[in-house]
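K.L.:
Any chance you can model this:
(2 chains, ligands or ions: 2)
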Amino acid sequence: MTTVKFTLNGKKVTLETDISRRFLDVLRNDLNQTGPKEGCGEGECGACAVLLDGHSVNSCLLPLAYVHNKEVMTIEGYAETERYKVLEEAFIHEGSVQCGICIPGMMIAAESLLNQNPNPSETSIRHSLSGNLCRCTGYNMIVKAIQRAAQRGKGLW
Amino acid sequence: MKDISKSVEKIDAKEKISGRMKYVSDYKMDDMLYAKTVRSTQCHAKIKAIHLPELPKGYYTVDYRDIPGENFVKMIFEDWPVFAEETVNYIGEPILLVVGKDKAVIQSIIRDITIDYEPLKPTFEYTKSEVHYHYTKGNPKPIFDKHNQHIEYTYKTGYQEQAYIEPQGFIAYLEGERIVLEGSIQAPYYVKNAVVNTMACEADAIRVIQTTVGGAFGGKEEFPSVMGCQLAVAVHKIKQPIKLIYEREEDMEVTTKRHPSKIVMTAAIDSNQKIAGLHARVALDGGAYVGLSSVVLSRAMIAATNAYTIDHLDIEGDVYRTHTVPNGAFRGFGAPQMIFAIEMFMHHIAHTLKIDPFAFRMNHLAKQGDLTSTSGTFRDPILMPEMIKKACDISNYHEKVKTYSDPKVRKGIGMSWFFHGCGFTGSGEAKHINAKVKLKKDDQDVVHLLIAAVDMGQGAKTTLMKVASHVLEIPLSQIRYANPDTDEVPDSGPTVASRTAMIVGGLVARASKQLKAKWAKGKEVVVYEQYQQPDYVKWDEETFTGDAYPAYSWGVNIVEVEVDKATYEVDVKKCWSVYDIGKSLDDLVVLGQADGGAAQGIAYGYLEVMNHKDGKIQQKNMTDYIIPTAVDMAQTETHFIENPFALGPYGAKGAGELTLVGGAPAVALAIEMAINKHITKIPVTPEFIMELMQNDDR
Ligand code: FES
Ligand code: FES
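P.N.:
Ligands and ions are numbered 1, 2, ... in the order given. Just a heads-up that it's a prediction; the model follows:
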């Protein structure tokens, strides 16, 4: 048992637990954050993505120790932001959501991209989503939503 | 009244985007235990002994001896055991469950279990036929004798894995004496009926509730019945809530997949260079248990002539038993294999005859009033000529064919034409399903759709609620459609076979009409509707004669590719599609189906590789089994042509499977043009292209 401290969605968290545990399990089981999903458990699908200091990472590959002293944001926290609202509107407007299991991860990937590049080209959107698998949509309607959000959210990123 | 096709906000979008939507793996209960499956490591063997370690307190094993009823999973063909008894027939066959509180302890128990096997000789070839079907149309024998120019090709297709992003899962618990199963499923009543059979109990002792499904594509049609039966047995024995969620590797190795196939096509050509007669021999690899394979076979065979009319047919098919993972339902259900074969064959015949493939295909295109492959009638208008023209125009198809036919250009463009029968085959809807729907208006004047149809992302909730809202002329906010619970909803059938919009939607429309007539403000009103087969639909199951489907949806896909000269990587540039799905119930919903279907169909043709070695699936996870990413997926341009079907709600027909079945031949034909070699096998991987290029003949 070791003490791990980090910020989760703006609040300080201190945990006494085995630091080699997968961060995804800690989030889902200990911290009630079920927005991040387990699609593959091996870093391939992006369903478990969270923001770590603003960058999208796959929490299924992350040992808990790694988040010590870092800032973590899950989809639950991100859903409270202005930027989220712009992306949400765009995903609805473009019909980007089918089964939805990949969508929280897609939102995190979109935020991570727009944060670095508020004006991404279609190619850079596709590249930045290439770590997020979606089996339902064929991606195009998700790509369009991110383009729309970038347009409408000018100044937010 | 507003046009129903106009899109609305998808009913569950906000919950899904925000991560608030709960999927089965998000469920937790007090005293909940976990289960994990111990599986065969042998493809065919006798189980001689199972050595269990001493189990810590609170840990259990569950196997076939715990089954109160029958040890098979009730589906079409009754050969699939809940747990293996004396023999195992594929690698990954379930033998027992280990159940307990801590996953790590379960793992260590499993590590300590040893099983002694006596290996038996396995079969992996198409030798042991379990199901054989045969039908004819016209008089094929004399036609084949008369026209002695025969052209024959053999086509092969590989496995395809559904690869839904949410793995299979259930949670089960007791409610008094009753067993409740909640899970990620497409067919609540399939699970319920199978569990009733395995538990040898009364129907009302079992309750099945669908949890929000994170993708299914057929993969959650029959397979969940296997897990449901196992879990019901476990809960009955242990009497505590138990959760069973597959990990990706397990899901990939042991769940049903699209059947690999081998299809031999022979055509008799007449003096006008038309196909006078067609023979097709279809072989499907059923895997270790037949399950639904016979139904997949019949759909494949019925699709033998695809969108063409050929007067004389002799169509045969078999499901072969092999010592591999059982294959089963996957969006398209036999049609993708057959449509790949016939679309390639039409081109290969034209090449052999040295005539223009486009003109040759146009000469055979089915028209309204023609007889179908099974001698039924295409009753409704067929708009294919107009759809083909549109697809050619928007893609500049004919120009590109000219340019890309130059063998130095490594680009290609391929076009597929196809149809898909909507609903169950033949009299299936009336005889086997007999769908019922229930609508309840409560005393607050809120209308509840009580139907067993599952929204697995395809938008069933949004579209069916729109149907009710339009008929009743009330806002969507006054309508509820909860995930089906067999305690609340009648059996409106499984969510499969492109039947939900047309059949269940049609019933919802009728029930809404009835409710509108009986509407009494502030009072509870309940109405029911039941499926009635249109009188004109006649089907003989034995001989495969008559109307196989009440309606057909139609489509055209055009795919453009570029093949790298050095690596033979295929770059899919763009996909143009035109569809006739009757009438769209929501433009964005059907566009989503079109894009997703194209992604899966095209990838089936060139990208998705799955195979087995001595019965062991070689692709362990999403790293090995490649599905398209946002980078692989081409841009799409999709158009829908309205052609309302009289019996569908607002004219709607099926859309879910149609959009997948044409992808593989379109991409394969494009690659064929780019490399100037005949392609008779999918997936067309770079390795396969290399092989073809090293081969001199076309
Ligand atoms: S679950 Fe983490 S990447 Fe798939
Ligand atoms: S919406 Fe189903 S996996 Fe993306």
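K.L.:
center of chain A - which residue?
P.N.:
Computing the C-alpha centroid of chain A and ranking residues by Cα atoms, centre = their mean puts A:I108 first, at 2.6 Å.
K.L.:
what's near enough to touch residue 6?
P.N.:
You didn't pick a chain, so chain A it is. By Cβ atoms under 8 Å, 6 or more residues apart in numbering or on different chains, the residues touching A:F6 are A:12-13, A:67-72. Glycine gets a C-beta too; all of them are placed from N, C-alpha and C.
K.L.:
To clarify, I was referring to chain B.
P.N.:
By Cβ under 8 Å, 6+ apart, B:K6 lies in contact with B:586-587.
K.L.:
Now do the spatially closest residue to B:A430 that is not a sequence neighbour, the pLDDT please.
P.N.:
Among residues not flanking B:A430 along the chain, B:Q533 sits closest, at 3.9 Å (Cβ to Cβ, 6 or more residues apart in numbering or on different chains). B:Q533 carries a pLDDT value of 87.
K.L.:
What count of nearby residues applies to residue 40?
P.N.:
Picked chain A for this. 25 (other Cβ atoms under 10 Å in any protein chain shown).
K.L.:
try chain B instead
P.N.:
Neighbours of B:S40 (other Cβ under 10 Å): 23.
K.L.:
what do you get for the one 10 residues further on?
P.N.:
Other residues near B:I50 number 14, with proximity taken as other Cβ under 10 Å.
K.L.:
quick one: contacts for the closest residue to B:L585 other than its chain neighbours?
P.N.:
Nearest non-adjacent residue to B:L585, counting by Cβ to Cβ, 6+ apart: B:T463, 4.0 Å away. By Cβ under 8 Å, 6+ apart, the contact set of B:T463 is B:501, B:505, B:585-586, B:589, B:652.
K.L.:
out of those, which is most surrounded?
P.N.:
B:A501 (34 neighbours).
K.L.:
give me phi/psi at it?
P.N.:
phi -60, psi -50 (degrees, to the nearest 10).
K.L.:
wait, it sits on B:Y650?
P.N.:
No: between B:A501 and B:Y650 there is no contact under Cβ atoms under 8 Å: 9.7 Å.
K.L.:
quick check, distance from the helix or strand hosting B:L278 to the centre of its chain.
P.N.:
Using DSSP states H and E, the element containing B:L278 is strand B:275-287. Chain-centre distance of strand B:275-287: 20 Å, with Cα atoms, centre = their mean, to the nearest Å.
K.L.:
ok, now stretch A:147-157?
P.N.:
For stretch A:147-157, the distance to the chain centre is 18 Å (Cα atoms, centre = their mean).
K.L.:
Help me see whether that stretch makes contact with chain B, please.
P.N.:
No: Stretch A:147-157 is not in contact with chain B by Cβ under 8 Å from any Cβ of the partner chain; minimum separation 11.8 Å.
K.L.:
Enumerate the residues of chain B near ligand 2.
P.N.:
Residues of chain B that fall close to ligand 2, judged by Cβ under 6 Å from any ligand atom: B:165, B:215, B:457.
K.L.:
pretty sure the last one is touching A:S96, no?
P.N.:
This means B:G457. No: judged on Cβ under 8 Å, B:G457 makes no contact with A:S96 at a distance of 11.4 Å.
K.L.:
the more surrounded of the two?
P.N.:
B:G457 (32 against 29).
K.L.:
which residues does that one contact?
P.N.:
Per Cβ under 8 Å, 6+ apart, neighbours of B:G457: A:98-100, A:136, B:213-216.
K.L.:
sec struct for B:M502, please.
P.N.:
State at B:M502, reduced to three classes by DSSP: H, G, I helix; E, B strand; the rest coil: helix.
K.L.:
Give me the common contacts of B:A501 and B:Y650.
P.N.:
Contacts common to B:A501 and B:Y650, judged by Cβ under 8 Å, 6+ apart, are B:L585.
K.L.:
Show me the chain divided up by domain.
P.N.:
Picking chain A for this. When chain A is parsed with automatic domain parsing, its domains come out as A:2-77, A:81-152.
K.L.:
Sorry, I should have been clearer: chain B.
P.N.:
With automatic domain parsing as the reference, chain B has domains B:30-122+B:163-254, B:261-425+B:545-693, B:428-530.
K.L.:
What residues sit buried inside stretch B:191-206?
P.N.:
Under the neighbour-count criterion of 16 or more other Cβ atoms under 10 Å in any protein chain shown, stretch B:191-206 has B:191-199, B:201, B:205-206 buried.
K.L.:
quick check, nearest of these to B:V98?
P.N.:
B:T198 (19.3 Å; Cβ to Cβ).
K.L.:
what's the pLDDT at that closest one?
P.N.:
98.
K.L.:
and the nearest residue in space to B:A664 that is not next to it in sequence, what is it in contact with?
P.N.:
With Cβ to Cβ, 6+ apart as the criterion, B:A664 has its nearest non-adjacent residue at 3.3 Å, and that residue is B:G605. By Cβ under 8 Å, 6+ apart, the residues touching B:G605 are B:340, B:663-668, B:682-684.
K.L.:
and B:S261, how far is that from B:Y159?
P.N.:
Per Cβ to Cβ, to the nearest Å, B:S261 is found 10 Å from B:Y159.
K.L.:
ok, now B:K243?
P.N.:
29 Å.
K.L.:
B:M338 too?
P.N.:
Taking Cβ to Cβ as the measure, B:M338 falls 16 Å from B:Y159.
K.L.:
out of the two, which sits in the busier spot?
P.N.:
Taking neighbours as other Cβ under 10 Å, B:M338 and B:Y159 compare with B:M338 leading, 30 against 24.
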